[in-house]
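Colleague: Just need the structure, nothing else, for what follows:
(2 chains)
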Amino acid sequence: AQTVTQSQPEMSVQEAETVTLSCTYDTSENNYYLFWYKQPPSRQMILVIRQEAYKQQNATENRFSVNFQKAAKSFSLKISDSQLGDTAMYFCAFLPNFGNEKLTFGTGTRLTIIP
Amino acid sequence: GAVVSQHPSWVICKSGTSVKIECRSLDFQATTMFWYRQFPKQSLMLMATSNEGSKATYEQGVEKDKFLINHASLTLSTLTVTSAHPEDSSFYICSARDLSGGAGDTQYFGPGTRLTVL
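Modeller: Predicted structure coming up:
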């Protein structure tokens, strides 16, 4: 079974600064996907970024980028030029490439952007 | 990205009654949908996988007779909480996989339904 660990329950950063959220996972699979989801106070889960494990290049989406270290089983999320709207819970998630289609979520990191 | 809706967004019911929650994929077809439960300040807990045209697959510890799932079409799955009790009060979220695009592995989530059982 896969596990996803987010070791930072809460973080805060000043607006416009850069913040990195950590995520590690444990799996015996070689092919899989990793995701970061954002859950703002509205509680709507929003996909932030997606990474395919077979791709060495780190995924980027505007101000959001990941540092994917497959050997270390690490998948951190960097938010640049943080904005007030980035305040939310952030969940890291793992999905095997075949068979089990279930997402495994981490426990989440509550990020607060300070004006 | 793909859009998933849920209805109702919140519901209050009396203990012993049943409540139905709908999950719809608005702009894509979803052969598989997922139902989650989320307690305050916690992560999402998968309850069951809903498969169009077949029985749902429930996670260990989830009572299938209490949480009835029906995936009658490629765009609609329903979760019925039967004989609801206060301990069933929670936030229920559905998700669906959009297989039409290149990222069929990605799950898109509905806005959630807050259930309060009095």
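
Colleague: From here on, just use CA atoms for contacts and neighbour counts.
Modeller: OK.

Colleague: nearest spatial neighbour of the residue of chain A found nearest chain B, skipping sequence neighbours?
Modeller: Using Cα to the nearest Cα, the closest approach of chain A to chain B is made by residue A:44 at 4.6 Å. In this structure, residue A:44 finds its nearest non-sequential neighbour in residue B:111, 4.6 Å apart by Cα to Cα, 6 or more residues apart in numbering or on different chains.

Colleague: Regarding residue 37, which helix or strand does it belong to?
Modeller: Just so you know, I chose chain A. Element membership of residue A:37, judged by DSSP states H and E, is strand A:32-39.

Colleague: nope, chain B please
Modeller: Going by DSSP H and E, residue B:37 is part of strand B:32-38.

Colleague: what is the mean pLDDT for that strand?
Modeller: Strand B:32-38 shows a mean pLDDT of 95.

Colleague: Which helix or strand lies directly C-terminal to it?
Modeller: strand B:44-51.

Colleague: The helix or strand following that next one packs against which elements?
Modeller: The helix or strand immediately downstream of strand B:44-51 is strand B:57-58, counting by DSSP H and E. When contacts are defined as 3 or more Cα pairs under 8 Å, 6 or more residues apart in numbering or on different chains; DSSP states H and E, strand B:57-58 sits against strand B:44-51.

Colleague: Sheet partners, orientation included, of the strand it packs on?
Modeller: strand B:32-38 (antiparallel), strand B:57-58 (antiparallel) (DSSP bridges).

Colleague: rewinding a little: can I have the strand holding residue A:37 written out in CSV, keeping just the CAs?
Modeller: Presented in CSV, the C-alpha positions along strand A:32-39 are these (Å, rounded to 0.1, in the frame of the first residue of the first chain):
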residue,chain,number,x,y,z
TYR,A,32,2.5,6.5,-11.1
TYR,A,33,1.2,10.1,-10.9
LEU,A,34,1.5,12.7,-8.3
PHE,A,35,-0.8,15.6,-7.7
TRP,A,36,-1.2,18.7,-5.6
TYR,A,37,-4.7,19.8,-4.8
LYS,A,38,-5.8,23.0,-3.2
GLN,A,39,-8.8,23.3,-0.9
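
Colleague: ok, and for it, which residues are buried?
Modeller: A:32-39 (16 or more other Cα atoms under 10 Å in any protein chain shown).

Colleague: who's in contact with the closest residue in space to residue B:97 that isn't next to it in sequence?
Modeller: Take residue B:97 and drop its neighbours on the chain: the residue closest to it by Cα to Cα, 6+ apart is residue B:107, 4.6 Å away. By Cα atoms under 8 Å, 6 or more residues apart in numbering or on different chains, the contact set of residue B:107 is B:95-98.
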